[in-house]
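[1] Okay, predicted coordinates and the sequence, questions at the end:
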Amino acid sequence: MLKRLWNDQPYLAFGCALMVLLAAYLPTLQTIPNGSDNYYMIDVGETQVVLNVWGTLHATGYPLYVMLSSALVALLKLVGVSAAAAPAVTSLLWGSGALALLYALLLHLTRRIWLAAAALVLFGLARTIWIHNVIAEIYSLGLFFLLALLLLALWRTDVRRRIYALALIGGLGVAHHRAIIMVAPALLYAVWPQLTAAPRRIPRVLLLCLLLGLLGLLPYVYLPLREWSGAGWVYGEPGTWQGLLDQFWGREADRFVGLPATWEGLRANFDLINGVLLTDAAWPGVLLGLVGLLLGLRAPETRRAAVTLLLSAGVAYAFHVLLYRDILSALIMPILVSFAVGWVWLADAALRWAQKRAHCVGASHESLMRRTQAGIFVLAGLYAAWLVGQNGAFIGGLTSDPRGLETIRAVQQTPPGTTLMIPWGPRHFAAGFARDVLGLLASVTLVDHKAHYAASAQSGTLVTPDYTLYTFPLAWWEARLGGRVYLQAAAPFMVQIRTTPTLVEGQTLDDVTALEYNVMCADDDILLHVLWATPEVPARDMSVYVHLLDAAGTRIAQGDQAAPVYGWYPLTRWTAGESVRDVYMLPRLAGAAQIRFGLYYQDAVGAFVNQSLYEAAVQCDE
């Protein structure tokens, strides 16, 4: 089908366009475990883990994507691509395939080789397209399916068994992502003459199409098989019938689907999707794309394609505004595809106008055509430069976010044999990458905030990073565990959650006292470990001062905390006879000789009063 179309110049134009896009993409390609919590990146860390261990993703499971991309990741790692970068490279490969299909569609509809290449560059630089070509996500494969369907449906010459091919590809596409179903009305319009050419055959054709479409569900066998085989990362319970149905239907996303309850909700949806489109294409790109599509309606040779593309974009837009209350990139992409075709049609109309104008006024045809072409490509270049400026730094900031690496460094402090609770999200995925891909937490059980861990809290093996308590404070833990909780510092910035206090034995105390303390030196830090104890519930809350001194007694650093256990365990929450372990971190500085620490409070007139004072020698081998 494509053989007659491709020759040296189309190959050259596509190669040039792809090189321009790769020059933009590669500096922003994600090569580290994800740390960003931007809405584009929410599931990226999970995908990085899953594709490295042949696991399963969140609903709706995306089994075809997982199988194909896991195989690609395995091959990429064989040739030296890192485990963190390989999942993003698979997106780049799927995205490059989608770009090739779009270029073929643009070229087929206009026969304007370099205009098609220019539009391809602009399309590829739109934020939604760019980012999903450089991160580990499922949307570039969805775009590949969408463009395969549009190219097949809009190909002007006869395609043998076109309708059956659409049914098969469409079934695979819808099984991959349900949003692909939004293109069905457009495809039905495009093939309607062929479908109805033999009315008596319609029932048979539709039955065969249904059967071919259902073949797209076969990859779902992967989900229970991976759970039954003990895969390291399995989402939900796909090994049970109910769990598999939950995955297939994606019921956890039901909260996003439905008509807005108020006009304000409808307006919010409208503003949300329009904001994304204006970020992707800016108002000139949106306006010019729409004008080009309307021009396509006027010409008989492009009318079928124009109606098809308007239906594809319109249905996606209407569903997003009326029935979906979040950003879904799979619904943005069909709109951008239609805009890209509109840009080429508009540029083609400008060239045709220049040709007609030259003929009417007797001007030099070649001169006017060259000026018009130059103007089009200058505008395209300026638009491309704006898109790079708009999106390059933004996307690069997301893909280079260091919080994933920081999380991996932090969780390596987790004591062996413990249960580590990190809420579901980017930091949880980074910890999962450390455990399942890097093999760093072999004796640690990783759970999220929905898990059952009462037994771990009872036995004293439940730990969580200190920042978790910002989102899940002590009141949440007490409601979750059904009673009062007690805190200890398990490791630097790791909090132990217990349902029973640790009581001091065999000690006579008058006040809150540092029973034990010692200093440890790490590569970049000095750690002060303290065991506090109290004979009774303290009457007031106090803060902790921790000062690093040189040999002359001059303070060179400090690590004060508002309360023990990284500020989360005020003294008035302690119980009588309780002992609390704490860890204070200071920078390892040349000349450090001593740590002075203790408790202090602020009196009624605002003065700081030291309640206690302790000193510990620092002996780090330089």
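    Noted; the coordinates are in hand. Numbers count the residues shown, from 1 in each chain.
[2] wait, isn't residue 373 in contact with residue 351?
    Yes. Using Cβ atoms under 8 Å, residue 373 and residue 351 qualify as a contacting pair, with a distance of 6.8 Å. C-beta here means a position set from N, CA and C on the backbone, and glycine is covered the same way.
[3] What count of nearby residues applies to residue 228?
    Counted with other Cβ atoms under 10 Å, the neighbours of residue 228 add up to 11.
[4] What residues does it make contact with?
    residue 239 (Cβ atoms under 8 Å, 6 or more residues apart in numbering).
[5] list the helices and strands the lengthiest strand in the chain packs on?
    Using DSSP state E, we find that the single longest strand of the chain is strand 592-602. With contacts taken as 3 or more Cβ pairs under 8 Å, 6 or more residues apart in numbering; DSSP states H and E, strand 592-602 sits against strand 513-521, strand 525-533, strand 543-550, strand 579-587, strand 608-610, strand 614-617.
[6] Mind telling me which of these the model trusts least?
    The stretch with the lowest mean pLDDT among those is strand 608-610, at a mean of 91.
[7] List the pairing partners of the longest strand of the chain within its sheet, with orientation.
    Strand 592-602 sits in its sheet next to strand 543-550 (antiparallel), strand 608-610 (antiparallel), strand 614-617 (antiparallel), going by DSSP bridges.
[8] Relative to residue 254, which of the ones you listed is closest?
    Of all these, it is strand 543-550 that lies closest to residue 254, at 46.5 Å by Cβ to Cβ.
[9] who touches that closest one?
    526, 528, 555-564, 582, 584, 586-587, 589, 591-601, 610, 618.
[10] Also stretch 140-151?
    By Cβ under 8 Å, 6+ apart, stretch 140-151 touches 64-65, 68-69, 91-92, 94-95, 97-98, 101-102, 104-105, 108, 129, 132-133, 166, 169-170, 172-173, 176-177, 179-180, 183, 186-187, 308-309, 312, 330, 333-334, 337.
[11] Likewise for stretch 593-607?
    Here stretch 593-607 makes contact (Cβ under 8 Å, 6+ apart) with 512, 514, 517, 519, 526, 528, 530, 540-551, 553, 584, 586, 608-618.
[12] Touching, residue 614 and residue 516? I think so.
    No. Counting by Cβ under 8 Å, residue 614 does not reach residue 516; the two are 10.5 Å apart.
[13] Give me the more crowded residue out of those two.
    Higher neighbour count among residue 614 and residue 516: residue 614, with 15 against 12, using other Cβ under 10 Å.
[14] quick one: the more buried one from residue 579, how far?
    The spacing between residue 614 and residue 579, counted by Cβ to Cβ, to the nearest Å, is 16 Å.
[15] likewise residue 505?
    9 Å.
[16] which one of these two has more residues nearby?
    residue 579 (20 against 8).
[17] who's that one bridged to?
    Beta bridges link residue 579 to residue 533, judged by DSSP bridges.
[18] Ok, residue 558 next?
    Beta-bridge partners of residue 558, as defined by DSSP bridges: residue 547.
[19] surely it meets residue 585?
    No. Residue 558 is beyond contact range of residue 585, at 11.0 Å (criterion: Cβ under 8 Å).
[20] residues in contact with stretch 419-427?
    34-37, 41-42, 44-45, 403-404, 407, 411, 414, 428, 431, 441, 444-451, 453, 456, 461-465, 468, 471-472, 497.
[21] what sits in contact with each of residue 558 and residue 585?
    With Cβ under 8 Å, 6+ apart, residue 558 and residue 585 have no common neighbours.
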